[in-house]
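Enquirer: The following comprises the amino acid sequence and a computationally predicted model.
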Amino acid sequence: MRTAPTATEIKTATGPAGRRLLGHLHELQTDPIGLFTRAARDHGDVVRLRLGPHVVHLVNHPDNIKRILQENHTNYRKGVGYEQMRLLVGNGLVANDGESWLRNRRLAQPAFHRQKIESFAQRIAAHTARMLDRWQVSGGATFDLTSEISELVYTVVGDVLYSSDLARDAAAEASQAIRTSIDLIYERVGGILPLPLWVPTPSNVKLSRALRSLRGIVERLIATRRKSGARRDDLLGMLLEARDEQTSEGMSDTQLRDELMNFTEAALDTTTAALLWTFYLLSHNPAVDARLHREVHDAIGSRVPAVSDLPALRYVSQVIDESMRLFPPGWVLGRAAIEEDVVGGYRIPAGSTVFVCPFVAHRDPRFWENPEGFDPERFSPEKVAARPRFAYFPFGGGPRVCIGDQLARMQMQIVVAMIAQRHRLDLAPGLRIGLAPKMTLVPRNRVQVSAHPRRLVALVPADRTAGSPVARPA
């Protein structure tokens, strides 16, 4: 752990020169991952960047990230981009701050207790089995994995949140509304001065229509449940029963809508992206894929996994962790300093924006040997214990760590295990993926694959010196 600097040792961070008027704004809009990667490589652990007239800091090194997200988290509110996310999630946890966030987090937390999360495992497995049954008759034909995984994740979300197989038209409408909203909100985040939503530009009209559609679906689900008075074993039911310990008050319909939209967006976007990247990497690393299949075969054979099987699927978890190391869905986090702070010996002025970037931190060669390579053995218990906590933080960290991280991990573990159990996925020949760093780090292009029935193969040691073909912006 570093010692605190004295007043005379506190420095002002430096960084790349940038353009005269716009600074690094153009690079942030066109190649943010490249900008952050070069800035950290060339200028160290606290880097000064300029976005037009605004000075921001990119913070690297686990000690500094821990300072922002955990040790002094009360000094850092949700920063750049989150005011735009509120258009979608209102005062949901992802964009909320202060006492309001703390109250809602306490209300929602019991719904994400481990035992309640684990009760959803059978539903996740059943939906996954139905998807795999469709693949069984595909005959090796190429299909769109992006659509398949998105539909699966949305079906699971509908079941876990609402105990409902949403009507196909409503599911399609909601899924499309979320996708449209996220894309247009990201455009607003990258804009210099986004116009208020009431200004009837084509993109604003499209975004308003998508938001109305999504809110209407969620509000109807809440109203139907309240009217019926039915008690269901789902997250909506748990949130309806949640009560503030001090006032005994529950959530209003607006709070419920915002939190449900928050959970729906996070689950759909984050989980879908993480699963797509995992199978992209497995398709390029047959030795890892073979070992994964062997573990699933030895642990559960041909039966559907139960929640009690998950601890035995250790390598499945390591594969998922390594995938999220290379391609963290939440690839950047923005915070705004309330008061002046000192991070890594550098002054962070009050009111300034701070970025921490999991994509960059997860590839820091000081903590990751062969950082571009795909090696799930990095996440053996011994190696995890030897690394600083904030060398790896795909779900954030500190008090604001993602509330749904355990649900997301469980769903990914079940889906990856069941696909590995029955199929080998091969990318379509010549397919270029590329990175699309939007609100979530997603593949730029649709992931096209073919599915082939499994045969148990000999376990081949992984070549840990070879780097996997890492996707780059296309």
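Expert: Ah, there it is.
Enquirer: what separates R77 from T353, distance-wise?
Expert: 11 Å (C-beta to C-beta, to the nearest Å). Glycine gets a C-beta too; all of them are placed from N, C-alpha and C.
Enquirer: list residues touching both of the two?
Expert: Common neighbours of R77 and T353 (criterion: C-beta atoms under 8 Å, 6 or more residues apart in numbering): 335-336.
Enquirer: the more surrounded of the two?
Expert: Neighbours were counted for R77 and for T353 using other C-beta atoms under 10 Å; T353 has more, 20 against 15.
Enquirer: hang on, isn't the more buried one packed against H57?
Expert: Yes - under the criterion of C-beta atoms under 8 Å, T353 makes contact with H57 at 7.4 Å.
Enquirer: Please work out how many residues are found near the closest residue to Y346 other than its chain neighbours.
Expert: Spatially, and ignoring its direct neighbours in sequence, Y346 is nearest to V46 (4.1 Å; C-beta to C-beta, 6 or more residues apart in numbering). Counted with other C-beta under 10 Å, the neighbours of V46 add up to 25.
Enquirer: Also D133?
Expert: D133 has 10 nearby residues by other C-beta under 10 Å.
Enquirer: which residues of the protein score low on pLDDT?
Expert: The model of the chain has pLDDT under 70 over residues 1-8, 79-82, 92-96, 138, 164-172, 190-193, 455-474.
Enquirer: If we use 50, what do you get?
Expert: 457-468, 471-474 (pLDDT under 50).
Enquirer: In it, where's the longest helix?
Expert: Using DSSP state H to define each element, the chain has its longest helix at helix 202-228.
Enquirer: Output the contacting helices and strands for that one.
Expert: helix 82-89, helix 168-190, helix 235-241, helix 253-266 (3 or more C-beta pairs under 8 Å, 6 or more residues apart in numbering; DSSP states H and E).
Enquirer: next one: it to chain centre, how far?
Expert: The chain centre lies 23 Å from the centre of helix 202-228; the measure is C-alpha atoms, centre = their mean, to the nearest Å.
Enquirer: Give me the angle between it and helix 253-266.
Expert: For helix 202-228 against helix 253-266, the angle by axes from the mean of the first three to the mean of the last three C-alpha atoms, to 10 degrees is 120 degrees.
Enquirer: Quick check: buried residues in helix 202-228?
Expert: Neighbour-count burial for helix 202-228, counted by 16 or more other C-beta atoms under 10 Å, picks out 203-204, 207-208, 210-211, 213-215, 217-219, 221-222, 225.
Enquirer: could you check the angle helix 82-89 makes with it?
Expert: Going by the same axes, to 10 degrees, helix 202-228 makes 50 degrees with helix 82-89.
Enquirer: Now do helix 202-228 and helix 168-190, the angle between them.
Expert: Using the same axes, to 10 degrees, helix 202-228 lies at 130 degrees relative to helix 168-190.
Enquirer: just checking, N64 is part of a helix?
Expert: Yes - under DSSP: H, G, I helix; E, B strand; the rest coil, N64 sits within a helix.
Enquirer: got a list of what the residue lying closest to R215 once chain neighbours are set aside touches?
Expert: Closest residue to R215 in three dimensions, ignoring its sequence neighbours and counting by C-beta to C-beta, 6+ apart: R257, at 6.4 Å. Shown in contact with R257 (C-beta under 8 Å, 6+ apart): 90, 215, 218-219, 222.
Enquirer: And the nearest residue to D183 once chain neighbours are set aside, how close does it get to T37?
Expert: Leaving out its chain neighbours, the residue that sits closest to D183 by C-beta to C-beta, 6+ apart is K438, at 6.9 Å. Plainly put, K438 is 17 Å away from T37 if you go by C-beta to C-beta.
Enquirer: try E339
Expert: 30 Å.
Enquirer: Those two: which has the busier surroundings?
Expert: Using other C-beta under 10 Å, the more surrounded residue of E339 and T37 is T37, with 15 against 12.
Enquirer: In which helix or strand does the more buried one reside?
Expert: helix 32-43 (DSSP states H and E).
Enquirer: Same check on R50?
Expert: Per DSSP H and E: strand 46-51 holds R50.
Enquirer: Check which element follows that strand along the chain.
Expert: Taking DSSP H and E, what comes next after strand 46-51 is strand 54-59.
Enquirer: still on that earlier bit, and the residue nearest to Y346, what is it in contact with?
Expert: V46 is in contact with 13, 57-60, 64, 343-346, 348, counting by C-beta under 8 Å, 6+ apart.
Enquirer: out of the residues you listed, who's nearest I419?
Expert: Closest approach between the contacts of V46 and I419, by C-beta to C-beta: N60, at 34.8 Å.
Enquirer: returning to what we had before: include distance to E9 when you put the helices and strands packed on helix 202-228 into TSV, please.
Expert: Formatted as TSV, the helices and strands packed on helix 202-228 follow (distance: least, C-beta to C-beta, whole Å):
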stretch	distance to E9
helix 82-89	33
helix 168-190	35
helix 235-241	49
helix 253-266	40
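Enquirer: Single out the most deeply packed of these.
Expert: helix 253-266 (a mean of 22; mean count of other C-beta atoms under 10 Å).
Enquirer: With just CA atoms, put that one into PDB.
Expert: Below are the C-alpha coordinates for helix 253-266, written out as PDB (Å, rounded to 0.1, in the frame of the first residue of the first chain):
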ATOM      1  CA  ASP A 253     -45.100   2.600  -8.500                       C
ATOM      2  CA  THR A 254     -42.600   5.100 -10.000                       C
ATOM      3  CA  GLN A 255     -39.800   3.700  -7.900                       C
ATOM      4  CA  LEU A 256     -40.800   0.100  -8.900                       C
ATOM      5  CA  ARG A 257     -40.900   1.100 -12.600                       C
ATOM      6  CA  ASP A 258     -37.500   2.700 -12.400                       C
ATOM      7  CA  GLU A 259     -35.900  -0.200 -10.600                       C
ATOM      8  CA  LEU A 260     -37.400  -2.800 -12.900                       C
ATOM      9  CA  MET A 261     -36.300  -0.900 -16.000                       C
ATOM     10  CA  ASN A 262     -32.900  -0.600 -14.300                       C
ATOM     11  CA  PHE A 263     -32.700  -4.400 -13.800                       C
ATOM     12  CA  THR A 264     -34.100  -5.200 -17.200                       C
ATOM     13  CA  GLU A 265     -31.600  -3.000 -19.000                       C
ATOM     14  CA  ALA A 266     -28.600  -4.200 -17.000                       C
END
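Enquirer: Pull the distance from the next helix-or-strand element following it to the chain's centre.
Expert: With elements assigned by DSSP H and E, the helix or strand that comes after helix 253-266 is helix 272-284. Relative to the chain's own centre, helix 272-284 is displaced by 14 Å; criterion: C-alpha atoms, centre = their mean.
Enquirer: following helix 272-284, which helix or strand shows up next?
Expert: helix 286-300.
Enquirer: one step back: among the buried residues of helix 202-228, find me the one that's closest to G250.
Expert: I222 (12.1 Å).
Enquirer: Would you confirm that the closest one contacts D253?
Expert: Yes - assessed by C-beta under 8 Å, I222 is found in contact with D253 at 5.7 Å.
Enquirer: which residues are common contacts for the two?
Expert: By C-beta under 8 Å, 6+ apart, no residue touches both I222 and D253.
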